[in-house]
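Peer 1: test case, fold it:
(4 chains)
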Protein chains: 4
Amino acid sequence: MQIAIVYDSGYGHTAKLARHVAEGVARVAGAEALLLAVADGEADWARLAASDAIIFGSPTYNGLISARLKAFMEASTRAAWLPQAWRNKVAAGFTNSGAMHGDKLNALVSMALFAAQHGMIWVGLDLFPGKSSTEMNRIGGWLGAMAQSDDASPEVTPIESDLKTAAHLGQRVAEVTAQLLRGKA
Amino acid sequence: MQIAIVYDSGYGHTAKLARHVAEGVARVAGAEALLLAVADGEADWARLAASDAIIFGSPTYNGLISARLKAFMEASTRAAWLPQAWRNKVAAGFTNSGAMHGDKLNALVSMALFAAQHGMIWVGLDLFPGKSSTEMNRIGGWLGAMAQSDDASPEVTPIESDLKTAAHLGQRVAEVTAQLLRGKA
Amino acid sequence: MQIAIVYDSGYGHTAKLARHVAEGVARVAGAEALLLAVADGEADWARLAASDAIIFGSPTYNGLISARLKAFMEASTRAAWLPQAWRNKVAAGFTNSGAMHGDKLNALVSMALFAAQHGMIWVGLDLFPGKSSTEMNRIGGWLGAMAQSDDASPEVTPIESDLKTAAHLGQRVAEVTAQLLRGKA
Amino acid sequence: MQIAIVYDSGYGHTAKLARHVAEGVARVAGAEALLLAVADGEADWARLAASDAIIFGSPTYNGLISARLKAFMEASTRAAWLPQAWRNKVAAGFTNSGAMHGDKLNALVSMALFAAQHGMIWVGLDLFPGKSSTEMNRIGGWLGAMAQSDDASPEVTPIESDLKTAAHLGQRVAEVTAQLLRGKA
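Peer 2: Numbers count the residues shown, from 1 in each chain, chains lettered A, B, ... in the order given. Next up is the predicted model:
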């Protein structure tokens, strides 16, 4: 079972989240995470088509996913949408922004719509909102994993609870994907 | 396998869609559809907790789900969210409005966010946009099934292709739910 | 100049925000705030039609405005939309939820779509995200004023910075409304 | 009074809409439209700062604005957001997609959020949904102007009613902008 993590990162914060999503994936027996940065504009369509799930990640800039992730989406129309190469794969999303809210929801909604257009199955978080800043889902989102970063190095921000939330999402996606694979007729 | 269809309907058009969703569900071996109108404000929480999937339906009024479906959502907080009674169930949505667009997307997004808060797994349409008004998904939505009704009786509107789209969603939800049930560890 | 504030409140937190929005309105010379709770389901359509701006407020429950505010919206279809009674009035929104994010954006987007359907002109916040919890817009939203409340009495939550943000929105709406009134041909 | 129209266009359909928006702007005495394509990635920030309103246009690809318009948004952060160069300007949006619905709403919502982050004032349509395909707003949207194009040359698609809707938006933006300019204290 292979879970692709397709992400963009401007300054390293979303890349750090992506690595924690991958760690969460790796907690599930038989699951392998494949980290793919879209920064170069060229995607590995063959490996994506061979993946069982794709998790999308992006900073939220201007209340929206990055232009680079959007360019990846546009390239996917010919490479994956027309042949319906991702139909019935599992999808999920994560995002990071400088503000606590930061209109992050719009970034995740855009990912979920994109996934729905590809006929994918969307998995969000199954976490109560954290009651303090040390608990998972401290920000309080469910459609995907949300993180908040201060204006500082990725070595210190986002904080541990956001990284754990990202890892939890990775694990959850791997678990649901494994269940779907086992259930194939 | 039981698929609940929780819907509101103002003048019968969404109710008609709900019945076609149920017909789609019934196409899948072993799947039974349970139609639940929220009009009276009282939900059958026990039967919902015992269902394997819940499909939400509402007219889009004012660019949003109906107040009655929203009241159902609010009642679910205590009845289903706190005990996480719907966690990992499959969810989907359908909606109807008088206009072709009608901001229907906002109604479906609201349902998907609600489902994500409950830890549910969201299934949309896996259909290309219809090339004519007689093809499924003539309206061109993916997060759920969209229908458009003229200012006329539910006997004549929405048209056949929208009803087929709704049935397709029901069938798809039942298929994914069956796969997840088979795959349970 | 009259600015109506139409709001719902479950436990008093959104009502407190509404009062601070009203205080902000009152900072502008000639502006009078009119607080209207929708809890009883009956709206004062005549006074709304006579207002120069309408600011909508709601708790975000289940990632969406309350059922009571939605019921008000539905009632407005006949009372205000058909006669286009609110066309070209200024509109704005505020919301409160228990979580920092809490999908509050979806509540504000739903209000903005509703206002657009009525032909209204939408005014958001003109504030940078707060750099600490004591600064206005600490949560980081722009489409409207966002607040976060702990599970405690409205006497202690939401905190001062959220109340100031709400007041700022009220003031801003009054200023833009005054400008539009002066500019009437 | 200058109204900038900042748009992206993949195959010429959105460019055609942009020209009709400009025609609508020109109907208002004293209003001049400035058409700016973002295709080259370089924006004329000085002329935008000198404009009284900015109307954004994009195709809806993958249920979202184009990557090129998003790249423009990202460049605006330093050029316009930090100095708050667009604060209190009027904003609006239009979009085109192949499907009737096509998740166009998400493109317009993303533009409206972007405008709100810049402290702009959002103007939508003040049109009832068209009752036939020859009437303005035949698609039924309000946050901005929506168009639908067949898989054909911009010479024949989108149809006349969509072009009129776009022109109506341009005119409306110019009228509201003129009113705000007259009302400046």
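Peer 1: so what's A:E42 up against?
Peer 2: Contact partners of A:E42, counting by CB atoms under 8 Å, 6 or more residues apart in numbering or on different chains, are absent. Heads up, the C-betas are built off the backbone N, CA and C, glycines and all.
Peer 1: and the gap between it and A:R68?
Peer 2: Taking CB to CB, to the nearest Å as the measure, A:E42 falls 11 Å from A:R68.
Peer 1: could you list the buried residues of the lengthiest helix in chain A?
Peer 2: Here the longest helix in chain A is taken by residue count, with DSSP state H as the criterion, and it is helix A:160-182. Neighbour-count burial for helix A:160-182, counted by 16 or more other CB atoms under 10 Å in any protein chain shown, picks out A:161-180.
Peer 1: not counting its neighbours along the chain, what's nearest A:R68?
Peer 2: Distances taken as CB to CB, 6 or more residues apart in numbering or on different chains place A:D8 nearest to A:R68, at 4.4 Å, with adjacent residues excluded.
Peer 1: quick check on the one you found: phi, psi?
Peer 2: Note on A:D8: its backbone torsions stand at phi -120, psi 150 [degrees, to the nearest 10].
Peer 1: tell me the mean pLDDT for stretch A:171-185?
Peer 2: Computed over stretch A:171-185, the mean pLDDT rounds to 96.
Peer 1: contacts for it, please.
Peer 2: Where contact means CB under 8 Å, 6+ apart, the residues beyond stretch A:171-185 that reach it are A:1, A:3, A:24-25, A:27-31, A:52-53, A:55, A:88, A:90, A:92, A:121, A:123, A:125-126, B:88, B:121, B:176, B:178-185.
Peer 1: which among these end up buried?
Peer 2: A residue is treated as buried here by neighbour count (16+ other CB under 10 Å); on that basis the buried members of those are A:1, A:3, A:24-25, A:28, A:31, A:52-53, A:55, A:88, A:90, A:92, A:121, A:123, A:125-126, B:88, B:121, B:176, B:178-180, B:183.
Peer 1: ok, A:W81 touching A:H118?
Peer 2: Yes: counting by CB atoms under 8 Å, A:W81 does reach A:H118; the two are 5.9 Å apart.
Peer 1: more neighbours, these two?
Peer 2: A:H118 (24 against 18; other CB atoms under 10 Å in any protein chain shown).
Peer 1: buried residues in stretch A:65-84?
Peer 2: Judged by neighbour count using 16+ other CB under 10 Å, the buried positions of stretch A:65-84 are A:65-76, A:79-81.
Peer 1: can you check stretch A:15-26 too?
Peer 2: Burial within stretch A:15-26, assessed by neighbour count using 16+ other CB under 10 Å, is assigned to A:15-26.
Peer 1: so how far is that stretch off the chain centroid?
Peer 2: Once both centres are worked out by CA atoms, centre = their mean, to the nearest Å, stretch A:15-26 turns out to sit 9 Å from its chain's centre.
Peer 1: list the contacts of that stretch.
Peer 2: Outside of stretch A:15-26, the residues within contact range by CB under 8 Å, 6+ apart are A:3, A:5, A:7, A:9, A:31-33, A:35, A:37, A:55, A:57, A:94, A:96, A:145, A:147, A:154, A:158, A:162-164, A:166-174.
Peer 1: just stretch A:153-160 next, same as before
Peer 2: Counting contacts by CB under 8 Å, 6+ apart, the residues touching stretch A:153-160 from outside are A:11-13, A:15-17, A:96, A:133-134, A:147-150.
Peer 1: flag the shaky bits of chain A, pLDDT-wise.
Peer 2: Filtered on pLDDT under 70, chain A yields the residue ranges A:40-41.
Peer 1: and with 90 instead?
Peer 2: Per-residue confidence of chain A (counting by pLDDT under 90) places the weak regions at A:39-43, A:185.
Peer 1: got the residues of it near chain B?
Peer 2: By CB under 8 Å from any CB of the partner chain, the residues of chain A that approach chain B are A:84, A:87-88, A:105, A:109, A:112-113, A:116-117, A:119, A:121-127, A:142-143, A:176, A:178-185.
Peer 1: so which of those are in helices?
Peer 2: The subset of those located in helices under the criterion DSSP H comprises A:105, A:109, A:112-113, A:116-117, A:176, A:178-182.
Peer 1: among those residues, which one lies nearest to D:M100?
Peer 2: A:Q117 (14.8 Å; CB to CB).
Peer 1: please name the nearest non-neighbouring residue to the closest one.
Peer 2: Distance criterion CB to CB, 6+ apart; nearest residue to A:Q117, sequence neighbours excluded, is B:W142 at 4.6 Å.
Peer 1: how many neighbours does the one you found have?
Peer 2: 29.
Peer 1: what does A:A152 give?
Peer 2: 11.
Peer 1: mind checking how far it is from A:Y11?
Peer 2: 10 Å.
Peer 1: got it, and A:A99?
Peer 2: In terms of CB to CB, A:A99 sits 15 Å off from A:Y11.
Peer 1: neighbour count winner among those two?
Peer 2: Each of A:A99 and A:Y11 has its neighbours counted (other CB under 10 Å); A:A99 has more, 23 against 14.
Peer 1: alright, I will stop here.
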